[in-house]
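Novice: Provide a 3D model corresponding to the input given below.
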Amino acid sequence: MAKNTDRPRSILISRFSALGDVAMTIPVVYSVCAANPGCDFYYLTRPLPASLMLEAPPNLHVLPVDTALYKGVGGMRRLANELCRRYRIEAFADLHNVLRTRLLGLFMRLRGVRVVHLRKGRRGRNRLTRPRHKVMMPLVSMRARYREVFFRLGLAYQDTFRGFWADQEPDPALYAAATEPKKPGETWIAIAPFAKHRGKIYPPELMEQVVRQLAARPGYRLFLLGAGRDEANTLGRWALGADNITNMAALRLGLKAEMALMSRCQAVISMDSANMHLASLVGARVVSIWGATHPFCGFLGWHQRKKDVVSLDMVCRPCSVFGNKPCRRADFHCMYGISPARILAALDKA
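Specialist: Predicted coordinates:
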């Protein structure tokens with residue numbers, strides 16, 4: 001795209017949640033920063049997603065913010081005023097388009113800032129997820145929608161992001177508390193069996209079978225990913241008595257360590273969840289399991305292969321974009337109908 005002499009020089013970017021959604025913005029944000037070296041970009045997000053911004057371009061400034069300090073209309077007005085005064089914001093790229101960011105955009109406009117909101121494509125989503133007469137066509141990917149926001153601001157763009165640790169392996173010291181450095185001939189597999197909503201979670205009793213069968217393979221080492229006490233306890237039971245299974249949730253090493261570890265794995269088995277996107281950022285192959293949701297909604301991991309998607313063709317799928325709606329059949333067959341053998345077969349494909 002040709003350079004625009006009227007392009008803004010100080011651009012605010014916002015995406016507050018969730019972790020996976022922020023991860024999806026990174027290939028686009030890093031690329032637009034590289035394509036516009038004369039511009040400063042300020043990424044406004046919550047503290048946890050802010051920790052994902054590894055190897056950030058020199059003109060990208062990450063602004064972690066506690067949204068609890070800026071509640072309501074008054075809070076968004078105060079935040080807009082603070083940002084404009086401190087960083088001389090000229091344009092606002094809203095990659096979230098929720099009530100909070102629309103309010104922030106309103107107060108930015110009142111200060112003369114150019115504002116572009118993400119176009120979510122709600123009509124297409126509704127056609128894809130409605131109970132009857134679905135239109136089973138792939139929607140525009142979220143990364144393409146993010147690119148469009150910057151295009152509408154008149155910014156140059158070229159896909160240049162290559163992933164984290166693309167040129168050099170991460171320091172093994174990052175995950176030394178979990179395992180020794182990888183030995184020749186070892187096969188490392190990370191498994192992320194959880195998601196925010198039930199419609200996106202493969203049944204734990206079936207996933208445990210996947211874990212057991214993989215752990216029985218010679219030379220295999222498994223790393224189980226999760227967060228919080230309940231998930232750590234579940235993974236701990238799966239790892240019990242096996243010296244080649246590591247419960248990463250119990251170690252709590254942090255996102256950077258887990259991403260470094262995933263970059264050294266031959267594959268990651270994940271739900272349609274944040275870990276799919278984190279693994280994608282480090283160039284890991286992801287065998288992703290999809291239930292209530294569908295890759296057609298535009299959320300497949302960056303550079304992931306369609307043949308690594310494991311799912312059932314059902315007339316009711318997808319029933320929602322985020323997997324947060326009750327199962328219309330009340331049995332979650334979209335997940336229970338996937339056998340452990342099918343997941344292992346997908347993993348073993350070249």
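
Novice: Now do stretch 199-207: everything it contacts.
Specialist: 191, 193-195, 234, 271-273, 289-293, 319-320, 322-325, 327, 332, 334-336, 338-340, 343 (C-beta atoms under 8 Å, 6 or more residues apart in numbering). In short, each C-beta sits where N, CA and C put it, glycine included.

Novice: Let's see that with 7 Å instead.
Specialist: 193-195, 234, 271-273, 289, 291-293, 320, 323-325, 327, 332, 335-336, 338, 340 (C-beta atoms under 7 Å, 6 or more residues apart in numbering).

Novice: Mark which of the residues you listed are part of strands, please.
Specialist: M271, I289 (DSSP state E).

Novice: Just the buried ones from the contacts of stretch 199-207?
Specialist: With burial judged by 16 or more other C-beta atoms under 10 Å, the buried subset of these is 193-195, 234, 271-273, 289, 291-293, 320, 323, 327, 332, 335, 338, 340.

Novice: So which of the residues you listed are in helices?
Specialist: T234, M335, P340 (DSSP state H).

Novice: quick one: contacts for the last one?
Specialist: Read that as P340. Contacts of P340 (C-beta under 7 Å, 6+ apart): L206, Q209, V210, Q213.

Novice: Next: V73.
Specialist: The contact partners of V73, by C-beta under 7 Å, 6+ apart, come to L103.

Novice: That one falls within a strand, correct?
Specialist: No. V73: not assigned to a strand; according to DSSP: H, G, I helix; E, B strand; the rest coil it is helix.

Novice: Would you confirm that N81 belongs to a helix?
Specialist: Yes. Applying three-state DSSP, one finds N81 inside a helix.

Novice: So it versus M108, what's the distance?
Specialist: 10 Å (C-beta to C-beta, to the nearest Å).

Novice: more crowded one of those two?
Specialist: M108 (26 against 14; other C-beta atoms under 10 Å).

Novice: Just the buried residues of the helix or strand encompassing the more buried one, please?
Specialist: Secondary structure assignment for M108, by DSSP states H and E: helix 99-110. Across helix 99-110, burial judged by 16+ other C-beta under 10 Å covers R100, T101, L103, L104, G105, F107, M108.

Novice: Which element, helix or strand, includes I13?
Specialist: Short version, using DSSP H and E: I13 is in strand 10-14.

Novice: Run me through the strand neighbours of that strand, direction for each.
Specialist: strand 40-45 (parallel), strand 91-94 (parallel) (DSSP bridges).

Novice: Show me what the longest one is in contact with.
Specialist: Contacts of strand 40-45 from elsewhere in the structure, counted by C-beta under 7 Å, 6+ apart, are 9-16, 22, 29, 33, 53, 59-65, 87.

Novice: mind redoing it with 8 Å?
Specialist: 9-16, 22, 29, 32-33, 50, 53, 57, 59-65, 83, 87, 89.

Novice: The shortest one too?
Specialist: Taking C-beta under 8 Å, 6+ apart as the criterion, the residues outside strand 91-94 that touch it are 8, 10-14, 101-102, 104-105, 108, 113-118, 149-150, 153.

Novice: from the chain's centre, how far out does that strand sit?
Specialist: Centre-to-centre, strand 91-94 and its host chain are 21 Å apart (C-alpha atoms, centre = their mean, to the nearest Å).

Novice: Strands of this structure, start to end?
Specialist: Using DSSP E, strands in the chain cover 10-14, 40-45, 60-64, 91-94, 114-117, 187-192, 220-224, 245-247, 267-271, 286-289, 309-310.

Novice: I appreciate the help and will end here.
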